[in-house]
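K.L.:
Give me the fold of what follows.
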Amino acid sequence: RRLTEPSAHDDDLRQLAYQLMDAAGLQRGRLTGIALRGEDLIDAARVAQQISLDDTHEDRLRAEQAMDRIRDKFGPHAIGPAAVFRRAS
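P.N.:
Predicted coordinates for the structure are as follows:
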């Protein structure tokens, strides 16, 4: 399957992965892995941006862009999901 439109955002890829898992239609069986492959990649600056009326989705995309800028400045482990950062005992 392909994304319906160009994207540079984790959330769009994550949603596609969930759709693929749902499409498997497993009742008792489990998927132990899924692989996504990027093809036809181009620079994000060359892609027209689609106007969205989904404020929640747009907020997540803006947050993701801010996290990318933080990683560029301070390194790949500077920011990430809260579940990854555990307090040392």
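K.L.:
Now for residue 64: which residues touch it?
P.N.:
Listed by CB atoms under 8 Å, 6 or more residues apart in numbering, the contact partners of residue 64 are 9-11. Placement of C-beta: from N, CA and C, glycine included.
K.L.:
repeat that with 6 Å
P.N.:
By CB atoms under 6 Å, 6 or more residues apart in numbering, the residues touching residue 64 are residue 9.
K.L.:
and the gap between the closest residue to residue 10 other than its chain neighbours and residue 11?
P.N.:
Distances taken as CB to CB, 6 or more residues apart in numbering put residue 64 closest to residue 10, at 6.3 Å, once the chain neighbours are dropped. Summarising the geometry, the distance separating residue 64 from residue 11, computed by CB to CB, to the nearest Å, is 7 Å.
K.L.:
can you pull out the strands in the protein?
P.N.:
For the chain, applying DSSP state E gives no strands.
K.L.:
Can you tell me the centre-most residue of it?
P.N.:
Against the mean C-alpha coordinate of the chain, by CA atoms, centre = their mean, the closest residue is residue 10 at 1.0 Å.
K.L.:
Grab the nearest non-local neighbour of residue 11.
P.N.:
The shortest distance from residue 11 to any residue other than its chain neighbours is 5.5 Å, reached at residue 60 (CB to CB, 6+ apart).
K.L.:
so how far is residue 39 from residue 53?
P.N.:
Look at residue 53 and residue 39: by CB to CB, they are 29 Å apart.
K.L.:
Check residue 57 too.
P.N.:
Looking at residue 57 against residue 39, where the rule is CB to CB, the gap reads 24 Å.
K.L.:
Neighbour count for the two, which is higher?
P.N.:
When neighbours are counted by other CB atoms under 10 Å, residue 57 and residue 39 differ, and residue 57 comes out ahead with 14 against 5.
K.L.:
wait, what's in contact with the more buried one?
P.N.:
With CB under 6 Å, 6+ apart as the criterion, no residue contacts residue 57.
K.L.:
While we're on it, how confident is the model there?
P.N.:
Here, the pLDDT recorded for residue 57 equals 77.
K.L.:
quick revisit: got a pLDDT number for the residue nearest to residue 10?
P.N.:
Checking the pLDDT column for residue 64, the value is 84.
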